[in-house]
Structure formats: structure tokens, C-alpha cells
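can't give you the sequence, but here's the structure:
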């Protein structure tokens, strides 16, 4: 009976205890697989004409692969599936995402290397009407969100009285504002600063940033060997000035 119980207990142990680290798999295969959405300017952007990626995070991943002596393969992902891509081992690591408790339940996070604030976007012509965060928290107001993003969850917290309209990729929340199907959306201050240049019809609500959030790459939960390797790499790259140079390249504020 005791032997049978031991057999059952060992069968129930997490597979991760015996699983090979992704670090070994990457070095053996010679390829670093990176999940990325390609729709977050300036972090990761996909050029539809060439299917190639560019951006801050893309430069980070190219540098990581170069230092590891492997090639990089970018795997297309969507915000609603980027976490499941990690848990199902579709890729070894993701480009940066916001650290949230919900994501941390199933995925591991590396150390952070960038943070941002959250701001609302509205049509510039509506700025007088929507001049504060609170002005958007109204039952007559529609707030657009992109399915699977951290902003989708935050919108429920910031605008409990408003109507929330979720859209799926490749559509984006700010496009609903541009089209007049929503009064506003919230996004990172990083992306907002890019969007108001690209779309002068949009404006940032001048009421200050909220919810400072930290970005990090996602890795498999429990794969401490791989996570520690990446964390050590991030630490060394911070010391070498790599991230400072990269932040300047994309006109981003340092931590």
C-alpha cells in the first residue's frame, strides 16, 4: 500500500521538476523563439509588406540571441493568446508585457527593464468635454479596450460606470476612438506619445498619468535556470549602457 502511494505521489509531481530547461533547448537547437504581437509602437511593430519586426523589444531580443550565439525566430502572437503561447511552449520567451498578478499565476517574469504610466486618449475635438479621467467615468461614455491587454483589466477599475467595448486583434482600441465608435481608450504613455503624432486627431487627456506599470519578458513558470540566465543578461546589459542607448534611440525615458 505504501509503495502504491509513493507511485501515485511521484506521478502527481509537476513535470517541470524533470523537464529540461528552455536554456538547454535553445542552445541545442540554435534558435531562440520569441512570441510578439507586432502592434505596440515603439516596442514591437510588424511591417505587413515584409512581415519583419522592428522596435525596442525587437532590438532587445536580437541582442540576446546574438550574445547567446543563436538565431532568433519571431513567432506571431496576439494579446489574448500571448500568455498561452508561453504555457504551451510555442515560444521560449515573449517580448515585454506588463507584469500583472493574473499573468503571474501561470507564467514567469524576468526582471523589468522599462516602466510606463497609463493615459487616456480621446479625439482632440472632444478634449473640452473629456478633460479628466473622471469625465470618462460616466454611463454615457464608451471606453474601447483591446482583448487580452492589461489595459482591458484596468479599464474596469478606472471606469466602472462606463460602457466597455472590447475589440480583438488585429483591430485596436484607439481605432474605435478614431472611428467615433468609442469616446476614449487607455494605453501606455509610451504608445500614446507615438499615436498622437501619427494621428493628430487624437489627444492625451491632460490629467496626468496613472498606474505606473513595469514591463518584463515572460518565460515558463518554474524554469528558473532560463529566467536566471535572462535576468543576469539584463543586469549586465544595464551595466554596459545597452539599455540607456536603446532608450535614447526610441526617445523613451529611462527607469
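On my side now, so go ahead. In this text the structure is predicted, and so the values were computed from the model without any measurement.

what's around residue 38, how many residues?
24 (other C-beta atoms under 10 Å). (Glycine included, C-beta is placed from N, CA and C.)

which stretch of helix or strand covers residue 128?
Under the assignment given by DSSP states H and E, residue 128 is not contained in any helix or strand.

how far does stretch 153-162 stretch from start to finish?
Terminal residues of stretch 153-162 lie 13 Å apart, using C-alpha to C-alpha, to the nearest Å.

Mean confidence (pLDDT) on it, please.
What stretch 153-162 shows for mean pLDDT is 93.

Can you tell me what sits against it?
By C-beta atoms under 8 Å, 6 or more residues apart in numbering, the residues outside stretch 153-162 that reach it are 100, 102, 118, 133, 136-139, 141-143, 145, 164, 185-186, 210-211.

same thing but at 6 Å, please
Identification of contacts with stretch 153-162 by C-beta atoms under 6 Å, 6 or more residues apart in numbering yields 136-139, 141, 143, 145, 164, 186.

tell me which of those residues is nearest to residue 81?
residue 145 (16.1 Å; C-beta to C-beta).

still on that earlier bit, which two among the contacts of stretch 153-162 are spaced furthest apart?
The most distant members of these, if one measures by C-beta to C-beta, are 139 and 186, lying 17.7 Å apart.

before we move on, the earlier item: narrow the contacts of stretch 153-162 to those that are buried.
Buried residues within the contacts of stretch 153-162, counting neighbours by 16 or more other C-beta atoms under 10 Å: 136, 141, 143, 145, 186.

from the residues you listed, which single one is nearest residue 89?
residue 145 (28.2 Å).

Doesn't that closest one lie inside a helix?
No: Residue 145 sits outside any helix when classified using DSSP: H, G, I helix; E, B strand; the rest coil, being strand.

nearest to residue 50, of the buried ones among the contacts of stretch 153-162?
Nearest to residue 50 among those, with distances taken as C-beta to C-beta, is residue 145, at 29.4 Å.

how close does the nearest residue to the closest one once chain neighbours are set aside get to residue 125?
Closest residue in space to residue 145, ignoring its immediate chain neighbours: residue 152 at 4.1 Å, by C-beta to C-beta, 6 or more residues apart in numbering. Distance of residue 152 to residue 125, computed by C-beta to C-beta, to the nearest Å: 26 Å.

So for those two, which sits in the more crowded spot?
Counting neighbours by other C-beta under 10 Å for residue 152 and for residue 125 shows that residue 152 has the greater number, 20 against 9.

all helices of the stretch 51-200 of the chain, in order?
56-68, 82-87, 101-104, 150-158, 173-178, 189-198 (DSSP state H, counting those that start in this stretch).

Of all residues in this protein, which one is nearest the centre?
For the chain, the residue nearest the mean C-alpha position is residue 97 (2.2 Å; C-alpha atoms, centre = their mean).

residues touching it, list them.
Applying C-beta under 6 Å, 6+ apart, the residues near residue 97 are residue 218.

can you check residue 199 too?
Residue 199 neighbours (C-beta under 6 Å, 6+ apart): none.

Also residue 74?
So residue 74 contacts 34, 36, 53 (C-beta under 6 Å, 6+ apart).

same thing but 10 Å
For residue 74, the contact set (C-beta atoms under 10 Å, 6 or more residues apart in numbering) comprises 32-36, 38, 44, 46, 51-53, 58, 61-62, 91, 95.

beta partners of it?
residue 34 (DSSP bridges).

sorry, back to before: let me know the distance separating the residue nearest to residue 145 from residue 100.
From residue 152 to residue 100 the distance is 10 Å (C-beta to C-beta).

Need the residues touching each of these two.
In contact with both residue 152 and residue 100: no residue, using C-beta under 10 Å, 6+ apart.

can you tell me how far residue 58 sits from residue 123?
On the measure of C-beta to C-beta, residue 58 and residue 123 end up 31 Å apart.

So between the two, which is more surrounded?
In this view residue 58 and residue 123 are compared by other C-beta under 10 Å, and residue 58 has more residues nearby, 22 against 18.
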